[in-house]
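Student: The sequence isn't on hand, but the structure is:
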């Protein structure tokens, strides 16, 4: 076990299953000595998370129910964190959602309801989380969120999620300015495509993955562990001078014309 996060209290938001990027990050943080708390949404999510924690041997943890579409839920989650930890040093925000029917076809067919849902869960939730995390980060801290290249380019079928991720990345910059005086950094990681539950909702994702592997400079897809390593760097004392950045971890795919 390492010690880059020894005595650091960190909240992980967005573990859906063992393929989740958030779970890969949690595993890495645990190995580096972090004290971990996790949010879940619904009984099914809680059961899945408990099973993963047992299999990984992570027994010193805190589980908190949190519906990020409800301000009172977020507020209560951080009240629980304050009671348990007192001080919070990091937040990993890996939460995004859009209706499956919005992730195919033409973007102009996006429904008003679908647009609002994607923005609320995928982008605004970071704002609400940061607002509630700030009072607990009395020793400074790091907030890291996950995004994707579809925020910068028009990726087929990514549609409303791409627009939500663009809002998320803009929020990172504004939050970085707001929280900088408190010694709190805010950054995003633009991860290359990985077979997660969320990714499977994008029509034609498997074909996209093959094309990515063929043309990326490194001729392969990115590994979850590589994304987790970047999150570790940002949440440790090694990354304290970096804020407002969007770091691409995608085997160089984003540099291509």
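Tutor: Yes, it's here. Just so we're clear, the structure is a prediction, and the values are computed from it rather than from any experiment. Numbers count the residues shown, from 1 in each chain.
Student: What segments of the stretch 1-150 of the chain are helices?
Tutor: In the stretch 1-150 of the chain, the segments counted as helices under DSSP state H, counting those that start in this stretch are 21-31, 43-56, 71-85, 112-119, 125-133.
Student: Which of these sits closest to residue 184?
Tutor: Ranking the helices of the stretch 1-150 of the chain by their distance to residue 184 (criterion: CB to CB) puts helix 125-133 first, at 7.9 Å. Every C-beta, even on glycine, is put in place using the N, C-alpha and C of the backbone.
Student: now the closest one against helix 112-119, angle please.
Tutor: Note on geometry: by axes from the mean of the first three to the mean of the last three CA atoms, to 10 degrees, helix 125-133 and helix 112-119 are set 40 degrees apart in direction.
Student: Name the residues that touch helix 125-133?
Tutor: For helix 125-133, contacts defined as CB atoms under 8 Å, 6 or more residues apart in numbering pick out 11, 13, 68-69, 71, 74-75, 77-78, 88, 91, 93, 95, 141, 143, 145, 168, 171-172, 175, 178-179, 184, 186.
Student: Run the chain-centre distance for it.
Tutor: Offset of helix 125-133 from its chain centre (CA atoms, centre = their mean, to the nearest Å): 13 Å.
Student: Point out where this structure drops to low pLDDT.
Tutor: By pLDDT under 70, the weakly predicted segments of the chain are 1, 195-205.
Student: ok, 90 please
Tutor: 1-2, 59-61, 193-214, 221, 257 (pLDDT under 90).
Student: Can you show me the strands along it?
Tutor: All strands of the chain, identified by DSSP state E, fall at 9-13, 35-40, 61-65, 90-93, 141-147, 184-191, 246-249.
Student: Throw these into CSV and include mean neighbour count and distance to residue 135, thanks.
Tutor: Shown next, in CSV, are these (neighbours: other CB atoms under 10 Å; distance: least, CB to CB, whole Å):
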stretch, mean neighbour count, distance to residue 135
strand 9-13, 24, 14
strand 35-40, 23, 16
strand 61-65, 17, 16
strand 90-93, 27, 13
strand 141-147, 27, 11
strand 184-191, 25, 11
strand 246-249, 20, 26
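Student: Please tabulate these in TSV, including the columns distance to residue 122.
Tutor: What follows is the strands of the chain, written out as TSV (distance: least, CB to CB, whole Å):
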stretch	distance to residue 122
strand 9-13	12
strand 35-40	15
strand 61-65	20
strand 90-93	10
strand 141-147	9
strand 184-191	12
strand 246-249	15
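Student: for these, which one sits closest to residue 84?
Tutor: Taking CB to CB, strand 61-65 is the member of those nearest to residue 84, at 5.1 Å.
Student: strand partners of that closest one, parallel vs antiparallel please.
Tutor: Strand 61-65 has the following strand partners under DSSP bridges: strand 35-40 (parallel).
Student: who touches the partner strand?
Tutor: 7-15, 26, 29-30, 46, 49, 53, 58, 60-66, 77, 81, 84-85.
Student: Swap in 7 Å and give it another go.
Tutor: Outside of strand 35-40, the residues within contact range by CB atoms under 7 Å, 6 or more residues apart in numbering are 8-13, 15, 26, 29-30, 46, 49, 58, 60-66, 77, 81, 84-85.
Student: one step back: tell me which of the helices of the stretch 1-150 of the chain sits most buried.
Tutor: When you average the neighbours per residue for each of these (mean count of other CB atoms under 10 Å), helix 21-31 leads with a mean of 24.
Student: Give me the distance from it to the chain's centre.
Tutor: 12 Å.
Student: Please apply the same query to stretch 130-139.
Tutor: Worked out by CA atoms, centre = their mean, stretch 130-139 lies 17 Å from the chain centre.
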